[in-house]
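Colleague: sequence and predicted structure below; questions after.
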Amino acid sequence: MELAYIPSPSRGVLHLGPVPLRGYAFCIIIGVFVAVWLGNKRWIARGGRAGTVADIAVWAVPFGLLGGRLYHVITDYELYFSEGRDWVDAFKIWEGGLGIWGAIALGAVGAWIGCRRRGIPLPAYADAVAPGIAFAQAIGRWGNWFNQELYGRETDLPWALHITSATDGREPGYYHPTFLYESLWCIGVALLVIWADRRFKLGHGRAFALYVASYCAGRFWIEYMRVDDAHHILGLRLNNWTALLVFVLAVVYIVVSAKKRPGREPVVEPGAQPSPEPDAEGAGKDAGGSEEHEDEAAGSDPEDATNDDAKNAGAKNDTQDETKDDAGNEAEKAGSAAEPESESAKKG
């Protein structure tokens, strides 16, 4: 008798009248909302405008869903185009099957279109939404729990996942909950990116590259545990090779980008204010204020100081001239008074 395990839901869909409410779809939708919400906060903190992340997400999300589905269908084509299969099932996205590699790749194309329309650099946008994407993946993985899919090898651990469905080749039993492992790993990735971004002031796409590299590191060992059918190359699952290749590319990008374009973008959105440094925002304001007062007290404009000196010098000259005029007038008066006395002296 098993004392502890993770139960699987008896079904992954509820019907509200004729409308089906699918757990997989709910997880995807909630994840998208979390990614946009967090991305918007980070974008504003970088100096962008509120609402920009959501406007670009209108392009990125549909492209991402399409790319994720295409990757899944292409790499698991036998599920839809082999004998006895119905190709129409390839369009039933609610039944599960989204490849994160295709979702990120084609989602980036959609984001690029949205950024280009607004004159925004794509790397800056990617840095802002990177942790939110990781959180969205953590939430979306619970859709696999609703569908009782993508589990690992059999185990007797107390957190084993109890699979009860026997459809599509499943065998009821207790398995490693790889969906849970990946969900927890994605939460760790999101927190890592947030911390590193604050600590090292990542810019020009390096926060997004860190998310990609750290996710691939976890996906490699989690993918190795899975037992669902997959294509193998040299003894490794296809997704293992994909994770390894993308990890190397992400690390190379971080190193090269840090050398060529260190620091962050000063302005991430046209017409927006330059982004303040998060750790020194208050200090920057205080320093700016004190400098401003010092400039006002000392007269920071050299031209104004020169004009003031000229005015002061002119005022001194005017005073001296007035003094000289007053002295001259007094002398003339004294001379006029002395002339009659001289004439009287001559007559006497």
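Modeller: Here it is on my side, so go on.

Colleague: C-alpha from now on. contacts and neighbour counts both.
Modeller: Noted.

Colleague: point to the residue nearest the middle of the protein.
Modeller: Most central in the chain under C-alpha atoms, centre = their mean is residue 128, positioned 0.6 Å from the mean C-alpha point.

Colleague: tell me the contacts of it?
Modeller: Shown in contact with residue 128 (C-alpha atoms under 8 Å, 6 or more residues apart in numbering): 39, 40, 42, 43.

Colleague: separation between the nearest residue to the first one once chain neighbours are set aside and residue 262?
Modeller: The shortest distance from residue 39 to any residue that is not its chain neighbour, by C-alpha to C-alpha, 6 or more residues apart in numbering, is 4.3 Å, and that residue is residue 129. Distance, residue 129 to residue 262, by C-alpha to C-alpha, to the nearest Å: 20 Å.

Colleague: wait, isn't residue 79 in contact with residue 88?
Modeller: No - using C-alpha atoms under 8 Å, residue 79 is not in contact with residue 88; the gap is 10.9 Å.

Colleague: the more surrounded of the two?
Modeller: Neighbours were counted for residue 79 and for residue 88 using other C-alpha atoms under 10 Å; residue 79 has more, 18 against 9.

Colleague: show me the contacts for that one.
Modeller: Per C-alpha under 8 Å, 6+ apart, neighbours of residue 79: 73, 85.

Colleague: ok so, going back, after the helix or strand hosting the residue nearest to residue 39 comes which helix or strand?
Modeller: Assigned by DSSP states H and E, residue 129 falls within helix 122-140. Once the chain leaves helix 122-140, the next helix or strand it forms, by DSSP H and E, is helix 142-146.

Colleague: enumerate the positions of that next one that are buried.
Modeller: Of the residues in helix 142-146, 142, 143, 144, 145, 146 count as buried by neighbour count, 16 or more other C-alpha atoms under 10 Å.

Colleague: go on, stretch 70-79?
Modeller: 70, 71, 72, 73, 79.

Colleague: distance of the last one from residue 85?
Modeller: The spacing between residue 79 and residue 85, counted by C-alpha to C-alpha, is 7 Å.

Colleague: what do you get for the third one?
Modeller: If you measure residue 72 against residue 85 using C-alpha to C-alpha, the figure is 16 Å.

Colleague: for the closest residue in space to residue 104 that isn't next to it in sequence, the count of nearby residues, please.
Modeller: The shortest distance from residue 104 to any non-neighbouring residue, by C-alpha to C-alpha, 6+ apart, is to residue 64 (6.1 Å). By other C-alpha under 10 Å, the residues close to residue 64 number 26.

Colleague: angle of whichever strand or helix holds residue 64 against helix 122-140?
Modeller: Assigned by DSSP H and E, residue 64 belongs to helix 52-75. Per axes from the mean of the first three to the mean of the last three C-alpha atoms, to 10 degrees, the angle that helix 52-75 makes with helix 122-140 is 60 degrees.

Colleague: and helix 52-75, what does it pack onto?
Modeller: With contacts taken as 3 or more C-alpha pairs under 8 Å, 6 or more residues apart in numbering; DSSP states H and E, helix 52-75 sits against helix 23-45, helix 100-118.

Colleague: ok, which of those comes nearest residue 192?
Modeller: With C-alpha to C-alpha, the closest approach to residue 192 among the helices and strands packed on helix 52-75 belongs to helix 23-45: 14.8 Å.
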